[in-house]
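[1] Here is the input, now give the coordinates:
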Amino acid sequence: MADQNTGNANAVEKWVKIIAPYRNGDNLHSWWQIINTFVPYVALWVLMVISLSYSYWITLPLSILAAGFLVRLFIIFHDCGHGSFFKSKRLSETVGFIFGVLAFTPYHRWHNSHLIHHPYCRKS
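    Next up, the predicted model:
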């Protein structure tokens, strides 16, 4: 049993080293990700509302595209929760909160419960 625990500890150490470069955000890339996610998501919502006047068959493919952007939005929300999206914790929490509203997920509650799931990802 001790060998298995040692193996698990080594595996965890190995993964912590692998993900270490991604733990700190890159503000330029982060802002670009927000722009190329949020703008199309909002644009698709506007187009869906307009398309309802014409045909549900136009709205349906737009909603599928919007769902894809919603997944991207949730990924950004998730990364903000880990503190790996922006260098600033406050900015990460602000963006995480806003994107949480858009994803219908309360940021602080989700963040706290999610960190239990990732005990090795906590930043000091």
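[2] what about the closest residue in space to residue 74 that isn't next to it in sequence, distance to residue 27?
    In space, residue 74 comes closest to residue 103 once its chain neighbours are excluded; the distance is 4.9 Å by Cβ to Cβ, 6 or more residues apart in numbering. Any C-beta I mention is one placed from the backbone N, CA and C, and that applies to glycine too. Look at residue 103 and residue 27: by Cβ to Cβ, to the nearest Å, they are 22 Å apart.
[3] Might you list the low-confidence residue ranges for the chain?
    Low-confidence segments of the chain (pLDDT under 70): 1-8, 22-23, 118-124.
[4] Now do the helices in it.
    2-19, 27-51, 56-81, 89-102, 107-117 (DSSP state H).
[5] Tell me which of residue 103 and residue 27 has more neighbours.
    Using other Cβ atoms under 10 Å as the criterion, residue 103 and residue 27 rank with residue 103 on top: 19 against 12.
[6] So residue 70 is in contact with residue 99, correct?
    No - counting by Cβ atoms under 8 Å, residue 70 sits too far from residue 99 to count as a contact (9.9 Å).
[7] more neighbours, these two?
    Using other Cβ under 10 Å as the criterion, residue 70 and residue 99 rank with residue 99 on top: 27 against 19.
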